[in-house]
Structures are given as C-alpha cells and as structure tokens.
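Peer 1: Based on what follows, work out the 3D shape:
(2 chains)
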Amino acid sequence: MREITYLEAVREAMTQEMERDEKVFMIGEDIGQYGGAFGASFGMLEQFGPERILDTPITELGLTGAATGAALIGMRPIAEIMFMDFMTLASEQLVNQAAKLRFMFGGKATVPMVLRTPAGSGTGAAEHHSQSLENWFVHIPGLKVVMPSTPYDAKGLLISSIRDNNAVVFVEHKLLYKTKGPVPEEPYAIPLSTSDVKREGKDLTIVATSIMVSKSLAAAELLAEEGIEVEVVDPRTLRPLDPEPIIQSVIKTGRVLIVHEAVKTGGYGGELAGVIAESKAFGYLDAPIVRLAGRDMPIPYNRTLEINTVPQIEDIVAKARDIVQGKV
Amino acid sequence: MMENRVQSISKEEAAEMLRLMYEVRAFEEQAEKSYMMGKIHGTMHLSIGQEASAIGSISTLEPTDYILGHHRGHGLCIAKGADLNLMMAEFYGKEVGYCRGRGGSMHIADVAGGNLGANGVVGGGLPMAVGVGIGLKMRGDKRVLLSFFGDGAASTGAFHESMILAVLYQVPVVFICENNQYAMSFPARSWTTSERLAGFADNYGMPGASTDGNNLLEVKEAVQTAVDHARSGGGPSLIVNNTYRWRGHSKSDRNLYRTQEEIEEWQDADPIRRYRKLLVADGSFTEDEIDVIEKDAYEAIESARVFAEESAEPSIESIEEGVYAP
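Peer 2: Numbers count the residues shown, from 1 in each chain, chains lettered A, B, ... in the order given. Next up is the predicted model:
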C-alpha cells in the first residue's frame, strides 16, 4: 500500500470530505496561503478557495464560536487551533457552548464540528507551545476526544470525526506529522470509540495514547529481545472510550502499564486505571496498575530537560521490565 | 419621525407589537410571581422595561430569520413567536417545555423556529452569531440573524473578536446591544457611554446606530435599516438600544448600586405606555381597544401558567438523553 505521512493523511481526510460534502469547511489561523502552522491545509486554499478555507486573524475564541454557530445551522466546520496550548483561549465556546447546546436545548440541536489541534512536546517550543491538554476536554460531557497515533488512524478517524454529529476535539501530535505509514487512497472511516490492539503479547499490556503508541511499540521490540511479550492497546478515542479491548487485554496478560505524554496528575492514565480497576480485569491483575506519564511540571525549553520531562522508549522499557519482574 | 413611521404601520401590525409587549410584561410578572410563591427551582433574569428593544428589533424579521439571545431573553423568545405554553413549561422545568426542562429560563431555544437560544455566558452568543452568518452566507441563504447582547458583553474579549470576524467575513448579522445600563451591578457609564458603544461600529468598520431603546418605532426603524442592509449582502451592523431594566439583575439583587429615584425616572419612560399613548393620540386605537389587547395578553399568560403547572416533569429514566447526538 502507498505510504504517506500523518500530516498528509490529515490533509487527505479533510480534502476528500470537503470534496464529498459542501457543508464541510475549514476555519483557522494561517490556514490559507501559509497552509497552517504545520502545513496541514497546504494547497487547500487553491483547491477550495477563500469561501471554504476561512483564514482568520488571531481569534481562538471567535473562530471556535464561529465554528459552533455554523454547526448549529447545519454546516460541518473543521476548526484548527494552531497549538493545543491555545485551546485555553477557545475553551469557553467549546466547553460551555459546543459541548452543551444539544443537551441544553433538550436534544433538539446538533453541533457537528471538529476542532483539530496539534499537541505535545519535542520541538523546543517551550512552555506555551508544547502542552498535552486532552484530559481537560475528556472531562466534558458532550465532547468527543480523538487522538490518532498513526497515519492510517489519522485519516480514518478524522473522516469519522467530520461525519460525526457532535463536537469532536481531534488531537494531533507534532512529532507524528512526519511519520509515514500505509494509508489507502480512497476515503474510509474508522468508527470512533474503537480501541485498537497495535501489537499482541501475553506478558504485559501497555495502554498508550498518541505518540506514546509508537514509543511503546519500539519498547516492545526491545523487550521482546529479553523474552517479554508486550501487548500494546491504543484507545484512539479517549471519550467516549471503548473499554472492552483494554479490559480483555489485561485479563489476558494480568499486568498493565499506562503511558501518556500529558502530566500524570489528573491525566488520562488515572481514568484508564479507574476503568481497569472497576472492571472484571481487576481480579486477574498480578501487579499494581502503573502509570508512566509526563512529569508534573511545565515543558522546559532546553533539549535535554525537555526530553526528560516526558516518557521515552528507555523509560517504557525499564518500567515494563520492573512490572514483569515484580519490582513495583 | 415617530409620527411619520406610525402612519406606515398597519393597524394589525401595531396591535401585534403591542400585544407582544404586553405578553412579555405579563410573562415576566408571572415568572416573578411564580418564583415568589416557591414554584420555581432556579433563577431568572427579567427584562421588564426593555420590551420595546426586543419587540421593535424582532418585528423587522421574516418568520424564517434567526435570533441568538442572551440570559435576559424572555422578551426575545416571545417576539420571535415562541409558543407561550411551551415557554412557560420550560420555565417550570417541564418535559413538554422547549428544552424538555433541561435549559430553563436562561437557555430557551427553538432551533427549528429560528430561535438559536438564550445564553448563560455573557458574550457567549457573539462568536456563534458570526458562525451562523458564515453558514448562511456560504450556502447563499437569504436569511439574516439578529444577535442580542448587553452592555456587559461589550466589555468582553468575545465582543472584540466577534466584531472583527463579522466585518472580515461580511456576515448577514445585526448585532444589537441592549444597553440596560448595568452589568449586574457594574454601571456601563463607568467605562463607556451609549455614544461610545455605538461608536464601536465605526471603529470596527460597520454601520452603527444608537436608539432610544424605549421607543418602539425608533428601534424598529434603526433595526429595519440594518436588516435590509444585511439581507442585501451589505454585511453586519451594530445597533445600541438604550434602555433600562426595572428589576434587579436576578433574584439575589438588593439594588444597592442604584437609587429608587433612578428606577422611577426610567419607569416614567415605560416603553409600553409610550407606544400605547402614541397609538391613542394618533387616533388609530381607542383606550378600550388597547385594554382588550392588554387583557388578552394577561389571559394568554395565565393559561400558559396553568398549562405549565399541569404539565409533567421529565422522567429520571430520560436524564442522560441529548448529551450526544446519534
């Protein structure tokens, strides 16, 4: 199969959906000629024109609300927030309005919109351009939160997000943009709320999100050399979660390590640990549920410090080994 | 101007506007009464004294046009043609209410009927208004939107961003600032004037106007001009209707920030009484005819109250319905 990058997969999903459905349009900062800060919409202005590629001045709240209002009358906007850090500015319209309009109006309104945003550290962009704030939005009923880890998932999940009738926060990872993988040329939809087993194994389950999926798969390769067979499960949609593949995996392996980049306290790992602990998998556990996450601190600028703020492959290997060897 | 305009308004339309103003007044007086009697769980924000702004503005719309409101929005809903029974039922939190009792006074909406909802966040409707305008324009829809907000919203960042985007995309939206002088307790006069509020229009690059918001016909004329402008593809406008809320911000308000004299002074400028006097003076209505309109309005609200009180509560089984769309 043809291989393209995660960034190209995102662009292809948006392009194909805009070709298919004239209600779909894009709105965001520097998404026109510039093509988006990371190039996700590069070339789309030429194809679709300024009527459907709405380049905005710096108005995170305004453009998120504009997407919400357009969705309320039946359009299907894709809003881009240049960095997830700026979701703080967009939050009022997303959290109070987009997420709640349907329920607040007695189920008589729909808000079919996607808010795409790149998250994560690793680019030396420091405290204001590196955060992973997905769990802020996981906490909001009415929102869906999607976090693809591969080019294939990025395209299929973005197409589903655009076709979904709810407000979807679609979290991309900056370091994944250049990663390549097989992606079909034709449009395809991966249903939201489907957790995916990325690698099978019998000794330990790693539940990882976003960039931590590829790091966990790399860790699994190293652990396999030591005779430790790791199963890697990617929730892909954080809210609403599809818990069953995770629970089944933990029942099989009896051990679980949860890995994400966001800070540990209040992070998604706590939610996953709760889901596992409350499930029938609890009785099968041979070791405590362990979380490996970003340190409880902002992302620093210095490269060495930055790398040491979030889990790396060797951290995952070491933690996995400890769990399997009964050292936690 | 008033005298000239009233000639061009048919007797039916005048009666209709008067009826709607009385219905708003009666609805809110009933709401207050029901609350005092302990029948209402929750809060409410009354627009008594501001009726001309709501009715005058919305009387310029076609039935298929849109409005987006604010937290003090009972008058806007009634002006947009809300069913009084369903509206009162929503205020009472009943299943048959517009929002199935999920939204209450602050969130009454009828999306199918063009009322895109009242809003609990001051300034919260403004960015969405831009998006409605974008959507309408994108699909070549000739409908327009009236986006209502107050002087309190005019100090928010949402207002600034929304004005900029509205002008950038030339959306068919009329932004209507109902300047009722106070954001809860904070006086608009301490940071702006009605002239400066209307002056935002010029600064952002759209037509603007300021009205005596208690003068129904002056409001109607200003908004009609802006609506015609928007419908013909001319883009957004900003109208400031200067008015006053007689009641407190909400039920916790002890009116510590204003004087009784000030309230009474504005009550003398009662928008309903003013329009009524005009219609009698101009010979188009007799006092008796208007008394009938007023009485009918109060009776309609009374039957809405009975309807609401007799309607069923939402079932607990249905509690989570509507969080997500299928």
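Peer 1: Report the closest residue of chain A relative to chain B.
Peer 2: Going by C-beta to the nearest C-beta, chain B is nearest to residue A:65 of chain A, at 2.1 Å. Yep, even glycine has a C-beta here, placed from its N, CA and C like the rest.
Peer 1: and that residue, what element?
Peer 2: Using DSSP states H and E, the element containing residue A:65 is helix A:60-72.
Peer 1: And the pLDDT at the most centrally placed residue in chain A?
Peer 2: Centroid-nearest residue in chain A: residue A:147, 1.5 Å away (criterion: C-alpha atoms, centre = their mean). In this model, residue A:147 is scored at 98, pLDDT.
Peer 1: Next up, the contacts around residue A:264.
Peer 2: Contact analysis of residue A:264 by C-beta atoms under 8 Å, 6 or more residues apart in numbering or on different chains lists A:291, A:293, A:294, A:295, A:296.
Peer 1: can I assume the second one sits in a strand?
Peer 2: Spelled out, that is residue A:293. Yes: using DSSP: H, G, I helix; E, B strand; the rest coil, the assignment for residue A:293 is a strand.
Peer 1: thought the residue nearest to the centre of chain A was touching residue A:239?
Peer 2: No: Residue A:147 lies out of contact with residue A:239 (C-beta atoms under 8 Å); the separation is 10.1 Å.
Peer 1: mind listing the strands in the chain by residue range?
Peer 2: In the absence of a named chain, chain A is used. Assigned by DSSP state E, the strands in chain A fall at A:3-5, A:24-29, A:53-56, A:76-80, A:113-119, A:143-146, A:167-173, A:180-182, A:196-199, A:204-208, A:230-234, A:237-239, A:256-263, A:290-294.
Peer 1: wrong one, I was asking about chain B
Peer 2: B:66-68, B:145-150, B:173-179, B:182-183, B:186-187, B:208-212, B:237-242.
Peer 1: So is the longest one next to chain A?
Peer 2: No: judged by C-beta under 8 Å from any C-beta of the partner chain, strand B:173-179 stays clear of chain A, getting no closer than 9.6 Å.
Peer 1: again, but for stretch B:192-210
Peer 2: No: Stretch B:192-210 stays clear of chain A (C-beta under 8 Å from any C-beta), getting no nearer than 12.1 Å.
Peer 1: mind listing what's buried in that stretch?
Peer 2: Residues of stretch B:192-210 classed as buried: B:192, B:194, B:197-201, B:204, B:206-210 (neighbour count, 16 or more other C-beta atoms under 10 Å in any protein chain shown).
Peer 1: cool, and stretch B:37-49?
Peer 2: Of the residues in stretch B:37-49, B:40, B:44, B:45, B:46, B:47, B:48, B:49 count as buried by neighbour count, 16+ other C-beta under 10 Å.
Peer 1: What average pLDDT does that stretch get?
Peer 2: Here stretch B:37-49 scores 94 as its mean pLDDT.
Peer 1: what does stretch A:47-65 give?
Peer 2: For stretch A:47-65, the mean per-residue pLDDT is 98.
Peer 1: Which residue does chain B have closest to chain A?
Peer 2: Residue of chain B nearest chain A, by C-beta to the nearest C-beta: residue B:127 (2.1 Å).
Peer 1: Quick check: that residue touching residue A:60?
Peer 2: No: contact criterion C-beta under 8 Å: residue B:127 and residue A:60 do not qualify, at 10.0 Å.
Peer 1: Which one's more surrounded, the two?
Peer 2: Taking neighbours as other C-beta atoms under 10 Å in any protein chain shown, residue B:127 and residue A:60 compare with residue B:127 leading, 31 against 27.
Peer 1: got the residues of the stretch 101-250 of chain A near chain B?
Peer 2: Close to chain B, as judged by C-beta under 8 Å from any C-beta, the stretch 101-250 of chain A has residues A:101-112, A:141-142, A:144, A:165-166, A:240.
Peer 1: wait, what's in contact with residue B:162?
Peer 2: Contacts of residue B:162 (C-beta under 8 Å, 6+ apart): A:62, A:65, B:126, B:127, B:129, B:130, B:175.
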